[in-house]
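> coords please:
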Amino acid sequence: MFAVIKTGGKQYRVAVGDVVKVEKLPGDAGDIVEFDEVLLLSGDEVTVGTPTVPGAVVRGDILEQTRDKKVINFVHRRRKASSRRKKGHRQSVSIVEIAEIRPPAAEGGGSNG
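Residues are numbered from 1 along each chain as shown. All right, here's what the predicted structure looks like:
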């Protein structure tokens, strides 16, 4: 079983036991985080959300709060002397291990009155 979740403006395909690097989430190492924006569930049958699957939850454990590799932005303008600029950026990330994919609970015979 796998799911497609949305967090930090990006989409990730995850399965139980996967370790994913997502944009920084609130919490410390060892905390539990739940992703409720589940866009797709795949198991015995595929469930596609419109835009999300209501009631579906993906639970994960934060392994580490760290920073990603440095990305260098180098700008050079050819026709002007000494027109060069170099900037670096390190994005804060959370490393999360997916512990559980919970499909929506089976609905009872209640009315939606």
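
> end to end, how far does stretch 82-99 reach?
53 Å (C-alpha to C-alpha, to the nearest Å).

> same thing with stretch 44-58?
Distance between the boundary residues of stretch 44-58 (C-alpha to C-alpha) amounts to 17 Å.

> So what's the residue count around Lys6?
By other C-beta atoms under 10 Å, 16 other residues sit near Lys6. Glycine gets a C-beta too; all of them are placed from N, C-alpha and C.

> Which strand or helix spans it?
Take DSSP states H and E as the rule and Lys6 turns out to sit in strand 2-7.

> so how far is the helix or strand bottoming out on mean pLDDT in the chain off the chain centroid?
Sorting the helices and strands of the chain by mean pLDDT, DSSP states H and E puts strand 46-48 at the bottom, at a mean of 88. For strand 46-48, the distance from its own C-alpha centre to the chain's C-alpha centre is 19 Å (C-alpha atoms, centre = their mean, to the nearest Å).

> That strand pairs with which strands, and in what direction?
According to DSSP bridges, strand 46-48 has the following sheet partners: strand 38-42 (antiparallel).

> what residue ranges in the protein score low on pLDDT?
The model of the chain has pLDDT under 70 over residues 80, 106-113.

> run the last query once more with 90
Applying pLDDT under 90 to the chain flags the ranges 1, 43-47, 49-50, 75-84, 103-113.
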